[in-house]
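>>> Okay, here's the prediction I keep looking at, along with the sequence it came from:
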Amino acid sequence: MLQRGRKGISQLGINVSGAPARLKPPTGLNARERALFVELINSTDVRHFRASDIPMLIAFVQSSLLSRKLARDPKKVADFEKATRTLALLSTRLRLNPHARADAKTIGRMQPPPDDSNMPWRREEGTVIGFGKHSDEEGD
């Protein structure tokens, strides 16, 4: 049945917010890879990944699934280590781990300002930090 009147914004499929659309999983992924790809894309900000990141995202997803599979087989420890190393490298390149996401300057700005009450220019004349006034000045 046709709708009367003008179509609403939600029906037009137009992105009104200005944010880019989330990446779609490429064809050729199996069901597990597709599910992990979608989970990964949805767990980050919409602006985090670009279309040029898709090959590395596919490699990350496949490496993650392989690492999980190899973790259960004690005879394949060397293969597990290689897959996990690849996973760690890709997570850094894709800025998925906390170290790669944060800039040192940004972290510094997020720190609370230091308590400057113990700074030399804030001390009262004749006091030593943690001890109050000097003992020879108390009798005066």
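That came through, no problem. What you see is a predicted model, and the numbers here were worked out from it, not measured in a lab.
>>> now the chain, which segments are flagged as low pLDDT?
1-2, 9-19, 100-140 (pLDDT under 70).
>>> can you give me the helices in it?
In the chain, the helices defined using DSSP state H lie at 9-12, 31-42, 54-70, 77-93, 98-101, 104-110, 135-138.
>>> Comparing those, which comes out most buried?
Most buried of the helices of the chain, by mean neighbour count (mean count of other CB atoms under 10 Å): helix 54-70, with a mean of 17. Where C-beta positions appear, they are placed from N, C-alpha and C, glycine not excepted.
>>> which strands and helices sit next to it?
With contacts taken as 3 or more CB pairs under 8 Å, 6 or more residues apart in numbering; DSSP states H and E, helix 54-70 sits against helix 31-42, helix 77-93.
>>> Indicate which one of the helices of the chain is closest to residue 23.
For the helices of the chain, proximity to residue 23 was assessed by CB to CB; helix 31-42 is nearest, at 5.3 Å.
>>> Against which helices or strands is the closest one packed?
helix 54-70.
>>> I'd say residue 61 and residue 35 touch.
No: when contacts are counted by CB atoms under 8 Å, residue 61 is not listed as touching residue 35 (9.3 Å).
>>> one step back: let me have the helices of the chain in CSV, extended by distance to residue 20.
Output for the helices of the chain, formatted as CSV (distance: least, CB to CB, whole Å):
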stretch, distance to residue 20
helix 9-12, 17
helix 31-42, 12
helix 54-70, 14
helix 77-93, 20
helix 98-101, 19
helix 104-110, 22
helix 135-138, 68
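>>> Please name whichever of those helices is nearest to residue 21.
That would be helix 31-42 among the helices of the chain, by CB to CB, at 10.6 Å.
>>> Residue 96 - how many residues pack around it?
Applying other CB atoms under 10 Å, we find 19 residues neighbouring residue 96.
>>> Any figure for the gap between it and residue 28?
22 Å (CB to CB, to the nearest Å).
>>> Residue 90 now?
18 Å.
>>> quick one on the thing from earlier: list just the one of the helices and strands packed on helix 54-70 that sits closest to residue 52.
helix 77-93 (12.1 Å).
>>> what does the closest one contact?
56, 59-60, 63-64, 66-67, 70-71, 73, 96-97, 99-100 (CB atoms under 8 Å, 6 or more residues apart in numbering).
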